[in-house]
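In: Model the following, please.
(chains A and B)
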Amino acid sequence: MAVNNQIAPTRDRKKDVKKAKLTYHAMLAPGMIFLLVFSFAPMFGIIMAFQDFVPAKGFFGSEFVGLEHFKYMFNLPDIGKVFRNTIVIALGKIIFGSLLAIAFAILLNEIRLKLVKKSVQTIVYLPHFLSWVVLATVVVNLFSLDGTVNQILNSFGLDRINFLGSNTWFQPLLIGSDVWKEFGFNSVIYLAAIASVDPGLHEAASMDGANWSKRVWHITLPGMLPIILLLAILSLPNVLEGGFDQVYNLYSPIVYETGDTIDTYVYREGLVGRDYSFGAAVGLFRSVIGLILILSANNAAKKFTERKLF
Amino acid sequence: MIQGNSLSTKIGKFIIYFIVISLGLICLLPLWNIVAISFSSGSAVAANIVGLTPINFSTKAYEMIMEDAQFWRSFFISVQRVVLALALNLILIVLMAYPLSKTKREFKSRNIYMNIIIFAMLFSGGLIPTYIVIKNLNLLDTIWVLVLPGAVPIFSVILIMNFFVGVPKSLEEAAIIDGASPLQILFKVYIPVSLPALATVALFSIVGNWNDFMTGLIYMSQISNYPIMTYIQSLTIDIAELVKSGTSSEALQNIAEVQNRNLNAAKIVVSTIPLLLIYPFLQKYFVTGIVVGSVKE
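Out: Here you go, the predicted model:
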């Protein structure tokens, strides 16, 4: 902190700026190397989707087959089913998850007893931080043939339902258990949105005789609308996320019909089945649609809400 | 807020408290059931009569875990993984976030780097090409496969970058006048004022690495190399078997397997304890993280 350093000669400053820039490049280099190896090299590896890839021959020695794997893919009845399942499951999670999170945030905002509010928040955020490996056990305990839910159904004289083995029930089970896991945590951001609504509006409306439900409908919800809209748009790319962890831990061949998603399909056919090129082709198809969706979502967010993801 | 003291507002308040507390219980009770199962005797678990209190209280499952060498091997693989990944993630996050937080005038190449990073975030080679690359690097069945592919958490880099942008310029200018180099500025000025944000991304890293089972599933061929969640996943009840057995009595036939349920429950409880220990911090910093990070101008 020498005083004479305070007015550095211009030439030194220029040198410093140049040196600083070099340092910036150097700081970015390690991260860039990791991205090169673990993100961009696999992107280059996508060429295997256009080859009959044999691991021993590598990316450069394997024979090119053009769009063979894509033609095969589009002729498979499985592929439509897998994409449909993924989108239905993902949309269900997004829609019901957001609705419950919004409703819960509005109700939680009414809780005045600090102890109740804090305790409930502590509990409902917890499942978000637990792995699906753990929560799958919870779901199985509840919904297997002799699980708690079936015991309750039984005590009312109703038939047991094979939730985990039924193509009618499996999708609702996936959606429901995901909503259960995430609604609490998703409510955080809606709670923040509610807090930003001007309390003066509520007071004025109360004076005019508006009751609680009217105020929620006409003041709270419109106040939350920008955030709701933004999150809805930004969740668009997630329609291709079936949730590998969840599905993998809960599904079985009986429910492939309704429960098989893109990620589990690629894992099974491509990796376990060692059909590498085919798996890469399905993966590429998914990545391209995903990229289109995320770019559209970003543009839509910019246009409608003047915010964006990146 | 619901105001007033009339009967209808009281009923309204009661209903709201009832719904909110019920939702809390719906989240808590299924988890509590696992704890109760882990402390029950094997026969009580097999008969499926354990609800919220342990039946024939027994700590046998926990005693068995103490002697389960593979459980602890996997547990410490995960601990090792979390420590390595956390260190690597934090170093790379701050090193990348700082130059990226400069304006284009201060650092001309900034936007090029930014575009590369965003592209890597939005597009991926997919599961199979990534697997082949990692296989060619001879990383299969090593601890490094659990750490290196996720070394740069791009979302966290952007979050910290945005935080750095908000650090007052005057702090940096003062340091420059004192002759500090960019690295010194990063470590002496930016990092000390960004500790809460860094805590957030650190917790992202810890939770993500602890809970991840897919990486172990894909890249480890031997159970002895499994991290904890992959190990537990490999133990839990075979769902295909479970849904095939038509009636509950058939499902109960394999008593040995069902008795394992309390052992598995105990393993789940023990594997969750590290997360519960940091849960107070998670609650504090994740909430700020999600609010700051998810919507950025």
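In: residues near residue 187, how many?
Out: Because you didn't say which chain, this covers chain A. For A:Ser187, the neighbour count with other Cβ atoms under 10 Å in any protein chain shown is 26. Where C-beta positions appear, they are placed from N, C-alpha and C, glycine not excepted.
In: Not quite, go with chain B.
Out: 14.
In: now the one 5 residues further on
Out: Per other Cβ under 10 Å, the neighbour tally for B:Pro192 reads 10.
In: Please identify the helix or strand for it.
Out: helix B:191-193 (DSSP states H and E).
In: as a whole number, average confidence for that helix?
Out: The pLDDT scores in helix B:191-193 average 92.
In: got the contact list for the residue positioned nearest the centre of chain B?
Out: When Cα atoms, centre = their mean is applied to chain B, the residue found nearest the centroid is B:Val207 (2.2 Å). By Cβ atoms under 8 Å, 6 or more residues apart in numbering or on different chains, the contact list for B:Val207 reads A:Phe129, B:Leu275, B:Leu282.
In: Follow the chain on from the helix holding B:Pro192 and name the next helix or strand.
Out: helix B:195-211.
In: Looking at chain B, which helix is longest?
Out: helix B:255-294 (DSSP state H).
In: if we can go back for a sec, gap between the residue nearest to the centre of chain B and B:Val201?
Out: 11 Å (Cβ to Cβ, to the nearest Å).
In: Please apply the same query to A:Lys118.
Out: In terms of Cβ to Cβ, A:Lys118 sits 25 Å off from B:Val201.
In: Among the two, which residue is more densely surrounded?
Out: B:Val201 (26 against 12).
In: Provide a list of residues in contact with the more buried one.
Out: B:Asn89, B:Leu90, B:Ile93, B:Pro153, B:Ser156, B:Leu159, B:Ile160, B:Gly289.
In: Backbone dihedrals for the second one, both of them.
Out: Meaning B:Leu90. Main-chain torsions, B:Leu90, degrees, to the nearest 10: phi -60, psi -40.
In: what's the neighbour count on it?
Out: That count, for B:Leu90 with other Cβ under 10 Å as the rule, works out to 18.
In: likewise the fifth one?
Out: Other residues within reach of B:Ser156 by the criterion other Cβ under 10 Å amount to 25.
In: still on that earlier bit, if I look at the residue nearest to the centre of chain B, how far off is A:Ser131?
Out: From B:Val207 to A:Ser131 the distance is 9 Å (Cβ to Cβ).
In: do A:Phe104 as well
Out: 23 Å.
In: Give me the phi and psi angles of the residue in the stretch 51-200 of chain A that chain B sits nearest to.
Out: Using Cβ to the nearest Cβ, A:Gly165 is the residue of the stretch 51-200 of chain A that sits closest to chain B, at 2.9 Å. In terms of degrees, to the nearest 10, the main-chain angles of A:Gly165 are phi -120, psi 20.
In: Return the distance of it relative to A:Met48.
Out: A:Gly165 is 36 Å from A:Met48, by Cβ to Cβ.
In: Between the two, point out the one with more neighbours.
Out: Taking other Cβ under 10 Å, A:Gly165 and A:Met48 do not tie; A:Met48 has more neighbours (28 against 22).
In: Count the neighbours of the closest residue to the more buried one other than its chain neighbours for me.
Out: Nearest non-adjacent residue to A:Met48, counting by Cβ to Cβ, 6 or more residues apart in numbering or on different chains: A:Ala280, 4.9 Å away. Applying other Cβ under 10 Å, we find 30 other residues in the vicinity of A:Ala280.
In: so what's A:Ala280 up against?
Out: So A:Ala280 contacts A:Gly45, A:Ile46, A:Met48, A:Ala49, A:Phe53, A:His69, A:Gly270, B:Gly126, B:Ile128, B:Pro129 (Cβ under 8 Å, 6+ apart).
In: Could you confirm it falls within a helix?
Out: Yes. A:Ala280 sits within a helix when classified using DSSP: H, G, I helix; E, B strand; the rest coil.
In: Find the residue at the geometric middle of chain A.
Out: Short answer for chain A (Cα atoms, centre = their mean): A:Asn238, at 5.3 Å.
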